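Chemist: Sequence and predicted model, in that order:
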Amino acid sequence: MRVLYVCTGNICRSPTAERLTSAWADELQVDVTAESAGVRAVVGHGVESHAAAVLESLGGDPTGFAARRLTPAIATDADIVVTMTAGHRDEVLTVAPRTLRRTYTLREAAEFARRTGVVDPAAWFSARAASPVTDLDIDDPIGQDPAVFEAVGEVIADCLQPLFEAWYRAR
């Protein structure tokens, strides 16, 4: 499965999710590849220093990362697009409307994986209408103190857990 994580600048939240997914997929031998992009990316920049420290503490590697801007091709190439906020989800759908049935916030994806036990965007689509997730956004830590970056990193890691539980069972 190809996962695309999307945030604003592609230097904090989405690279954290991307690199944690890559590290955990390697560790668990799960067939998942991860990429990330930003709706207003700081193109070419590495992971923000506080986010990089948090990422490393969670087991990910920020080495060699370069931020990139979301494009229609990047979005449509993914099996699932996972955003950090409802606003990012809306921006993905503006850029790539055909991804509607496979674009979710990370909090939605985590909750639907918990509810269904699978990572299947098609199965989740009806669940979104029937019983929507109301807490959708993961706050942007940019410009905040390191404790905020740590809290955001923990939220991202916690949201990835049910996805990995489903991916691991399906391998």
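Modeler: Nice, thanks for sending it over.
Chemist: what helices or strands is the longest helix along the chain leaning on?
Modeler: Looking across the chain with DSSP state H, the single longest helix is helix 146-170. When contacts are defined as 3 or more C-beta pairs under 8 Å, 6 or more residues apart in numbering; DSSP states H and E, helix 146-170 packs onto helix 13-28, helix 49-57, helix 106-116. (Each C-beta comes from the backbone N, C-alpha and C, glycine too.)
Chemist: name the helices or strands packed onto the lowest-mean-pLDDT helix or strand in the chain?
Modeler: In the chain, the helix or strand scored least confidently by mean pLDDT, DSSP states H and E is helix 121-130, which has a mean of 85. Helix 121-130 sits against strand 103-105, helix 106-116, with contacts defined as 3+ C-beta pairs under 8 Å, 6+ apart.
Chemist: Can you say which of the ones you listed is nearest to residue 7?
Modeler: Checking these against residue 7 by C-beta to C-beta gives helix 106-116 as the closest, at 9.5 Å.
Chemist: Next, the angle helix 13-28 makes with that closest one.
Modeler: If you take axes from the mean of the first three to the mean of the last three C-alpha atoms, to 10 degrees, helix 106-116 sits at 40 degrees to helix 13-28.
Chemist: May I have helix 106-116 as PDB, with CA atoms only?
Modeler: This file holds the C-alpha atoms of helix 106-116, laid out as PDB (Å, rounded to 0.1, in the frame of the first residue of the first chain):
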ATOM      1  CA  LEU A 106      -5.000  10.900  10.200                       C
ATOM      2  CA  ARG A 107      -7.400  10.900  13.100                       C
ATOM      3  CA  GLU A 108     -10.200   9.600  10.800                       C
ATOM      4  CA  ALA A 109      -7.900   6.900   9.400                       C
ATOM      5  CA  ALA A 110      -6.900   5.800  13.000                       C
ATOM      6  CA  GLU A 111     -10.500   5.700  14.200                       C
ATOM      7  CA  PHE A 112     -11.800   3.800  11.100                       C
ATOM      8  CA  ALA A 113      -8.900   1.300  11.400                       C
ATOM      9  CA  ARG A 114      -9.900   0.800  15.000                       C
ATOM     10  CA  ARG A 115     -13.500   0.300  14.100                       C
ATOM     11  CA  THR A 116     -13.100  -1.900  11.100                       C
END
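Chemist: Output the contacting helices and strands for it.
Modeler: By 3+ C-beta pairs under 8 Å, 6+ apart, helix 106-116 packs against strand 80-83, helix 121-130, helix 146-170.
Chemist: Would you mind giving the ones you listed as CSV with distance to residue 99 and mean neighbour count added?
Modeler: Putting the helices and strands packed on helix 106-116 into CSV (distance: least, C-beta to C-beta, whole Å; neighbours: other C-beta atoms under 10 Å) gives the following:
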stretch, distance to residue 99, mean neighbour count
strand 80-83, 5, 28
helix 121-130, 9, 14
helix 146-170, 18, 18
